[in-house]
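> fold the following for me, if possible:
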Amino acid sequence: MSLLADRRRGWRHGRPGGRGTRGLVHMGELRAGDRARIVSFHGGKGFREKMSGMGLFPGIEVEVVQSDGEDGMMLISVGGSRLMLCRNMAGRIHVEMEG
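Modelled structure (predicted):
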């Protein structure tokens, strides 16, 4: 798949988990204790506004506090705050693993 096709899908930094992405994954793939830095969002203006309203921006470091299975919710720590995200939302956030 070409870079242009990736961009049409909203993957500005390459395909998540694909070649040349150096640890780029969907936030929904993270497990409790994992730390990552937000790279980009896969969604429209409304989704990006919702994320920014929760304090989630590209470049922000997050830590997964709790992860309840594949269909459950995720509790993440951002700075001094904790947020709950459903797997659907977390799957639209591209992160780069820390460490």
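> His26 reaches Asn88, doesn't it?
No - applying CB atoms under 8 Å, one finds His26 not in contact with Asn88, separated by 10.6 Å. From N, CA and C alone the C-beta is placed, and that goes for glycine too.
> and the strands in the chain?
With DSSP state E, the ranges of strands along the chain come out as 24-26, 35-41, 61-67, 73-78, 81-86, 93-97.
> just name the most buried of these.
strand 93-97 (a mean of 22; mean count of other CB atoms under 10 Å).
> got the contact list for it?
11, 13, 16, 21-28, 30, 34-42, 51, 56, 62, 85 (CB atoms under 8 Å, 6 or more residues apart in numbering).
> end-to-end on stretch 63-73?
One end of stretch 63-73 sits 14 Å from the other (CA to CA, to the nearest Å).
> mind listing what the closest residue to Met54 other than its chain neighbours touches?
Excluding its sequence neighbours, the residue lying closest to Met54 (CB to CB, 6 or more residues apart in numbering) is Leu83, at 5.6 Å. By CB under 8 Å, 6+ apart, Leu83 lies in contact with 54-56, 75-76.
> let's see it at 10 Å
Applying CB atoms under 10 Å, 6 or more residues apart in numbering, we find Leu83 in contact with 51, 54-56, 62, 65, 74-77, 89.
> where's it relative to Val65, distance?
Leu83 sits 10 Å away from Val65, going by CB to CB, to the nearest Å.
> overlap in contacts, the two.
The contact lists of Leu83 and Val65 share 74-77, where a contact means CB under 10 Å, 6+ apart.
> what bridges to the residue lying closest to Met51 once chain neighbours are set aside?
Spatial nearest neighbour of Met51, chain neighbours left out: Phe41 (5.8 Å); criterion: CB to CB, 6+ apart. On the basis of DSSP bridges, Phe41 is bridged to Ile93.
> good, wrapping up.
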